[in-house]
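Colleague: Next comes the sequence, and after it the predicted model I'd like to discuss.
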Amino acid sequence: MKYYFIVNPGSRTGKGMGLWQQLEERIKAGNIEYEVFKTAKGGDATEFAKRICAEHPEQKRIIMVGGDGTANEIVNGLSGYENFELGYVPTGSSNDLARGFGITQDSAAALDKVLASNTTREVDHGIVEFVEGGADAAFRKFAVSSGVGYDADICYEALNSSLKSFLNKIGLGKLIYYILGIKLIFTNKRAAVKVTVDGGKPVTYKKLLFAAAMNTQYEGGGMPMGPGADPTDGKVTVCVVHDISRIKHMLLMSSILKGKHIRHKGVELITCKSMEIEADRPLVVHTDGEFAGKHRVVRFSCVPEKVKMLV
């Protein structure tokens, strides 16, 4: 079976190329048939995945080499799920996808396991649909999580932050999320929303802080936002935080790191097949930490097809 590697040389703050060169030596030593696609800009990984799936309908292995953002791009280019097995070699900074699936964050060890594995696990990919005017306008898939509100606002501001560029240069890029997180506790605007779970009766919240739809347990560099989330159950586990003060929000952040936030009033953990959120204004949406636009009505669920993940 042929291997197709989609590689982000810029992962881990520009160290990805050096990592890949070391990994490729191990691949060559394994004497396998393979082809490499290296990204140069945003969107490349999606196009590579689309091309591989369209031009090679035979059974194959597609191996993602990068961070969570690279994985998100690749997931959004995949089709014909029955025709490939998917592997992941983490070379990013956060690597929540690896953490959520129990994949070692040692890149060389992860590669060796992918090359030697004859076992797959059927897992889910999440999907967020952008529902405007009662019609399905567009969608975006995710491997780890998707959300609206506070955590999405952090991702959005980080994209345009000159401080992030500076911190990346000195190897401290992850700090930007903590810095912006503290700032937005006091400045982000809450939204009034109507939440519908599995097509049931809508529930209204006056001040939504955020809703994080989790496929796995972790996001944001290891925060267990969705304790107990199962990436094989065909459902999303959504952490909804609403109607709490900014002071309580600050106190809540430390408990999230320990997975104890679900004990607090105003925090709900809902496992469901689908959740629709209708807000009083367009909200920033993220998928696996990547900006996915601003939308007033979103629906979280899972892609019907299961992914054969190499383990």
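Modeller: Received the coordinates, thanks. Because the structure is predicted, anything quoted here is derived from the model rather than measured.
Colleague: Outline the domain layout of this structure.
Modeller: 3-118, 126-304 (automatic domain parsing).
Colleague: export those to CSV and tack on mean neighbour count, mean pLDDT and distance to Leu310?
Modeller: Glycine gets a C-beta too; all of them are placed from N, C-alpha and C. Shown next, in CSV, are these (neighbours: other CB atoms under 10 Å; pLDDT from 0 to 100; distance: least, CB to CB, whole Å):
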stretch, mean neighbour count, mean pLDDT, distance to Leu310
domain 3-118, 19, 93, 4
domain 126-304, 18, 91, 14
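Colleague: Of those domains, which is nearest Val311?
Modeller: domain 3-118 (6.4 Å; CB to CB).
Colleague: Show me how far the closest one is from its chain's centre.
Modeller: Centre-to-centre, domain 3-118 and its host chain are 15 Å apart (CA atoms, centre = their mean, to the nearest Å).
Colleague: Likewise for stretch 273-287?
Modeller: 16 Å.
Colleague: could I get it in PDB with only the CA atoms?
Modeller: In PDB, the C-alpha atoms belonging to stretch 273-287 read as follows (Å, rounded to 0.1, in the frame of the first residue of the first chain):
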ATOM      1  CA  LYS A 273     -25.700  14.000  17.900                       C
ATOM      2  CA  SER A 274     -26.200  17.700  17.000                       C
ATOM      3  CA  MET A 275     -26.300  21.100  18.600                       C
ATOM      4  CA  GLU A 276     -27.600  24.300  16.800                       C
ATOM      5  CA  ILE A 277     -26.700  27.700  18.200                       C
ATOM      6  CA  GLU A 278     -28.500  30.800  16.900                       C
ATOM      7  CA  ALA A 279     -27.000  34.000  18.200                       C
ATOM      8  CA  ASP A 280     -28.200  37.600  18.200                       C
ATOM      9  CA  ARG A 281     -25.200  38.600  16.000                       C
ATOM     10  CA  PRO A 282     -22.500  36.900  13.900                       C
ATOM     11  CA  LEU A 283     -19.900  35.200  16.100                       C
ATOM     12  CA  VAL A 284     -16.300  34.100  15.300                       C
ATOM     13  CA  VAL A 285     -16.100  30.400  14.600                       C
ATOM     14  CA  HIS A 286     -12.900  28.300  14.900                       C
ATOM     15  CA  THR A 287     -12.200  24.800  13.800                       C
END
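Colleague: And Thr70, which helix or strand is it part of?
Modeller: Using DSSP states H and E, the element containing Thr70 is helix 68-75.
Colleague: Counting by contacts, list what that helix packs against.
Modeller: With contacts taken as 3 or more CB pairs under 8 Å, 6 or more residues apart in numbering; DSSP states H and E, helix 68-75 sits against helix 44-55, strand 60-66, helix 96-100, strand 135-142, strand 290-302.
Colleague: Just the CA coordinates for it, please, in PDB.
Modeller: What follows is helix 68-75, C-alpha atoms only, in PDB (Å, rounded to 0.1, in the frame of the first residue of the first chain):
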ATOM      1  CA  ASP A  68      -3.400  20.700  14.600                       C
ATOM      2  CA  GLY A  69      -3.800  23.400  11.900                       C
ATOM      3  CA  THR A  70      -2.300  21.200   9.300                       C
ATOM      4  CA  ALA A  71      -4.500  18.300  10.300                       C
ATOM      5  CA  ASN A  72      -7.500  20.600  10.100                       C
ATOM      6  CA  GLU A  73      -6.700  21.500   6.500                       C
ATOM      7  CA  ILE A  74      -6.100  17.900   5.500                       C
ATOM      8  CA  VAL A  75      -9.400  16.700   7.100                       C
END
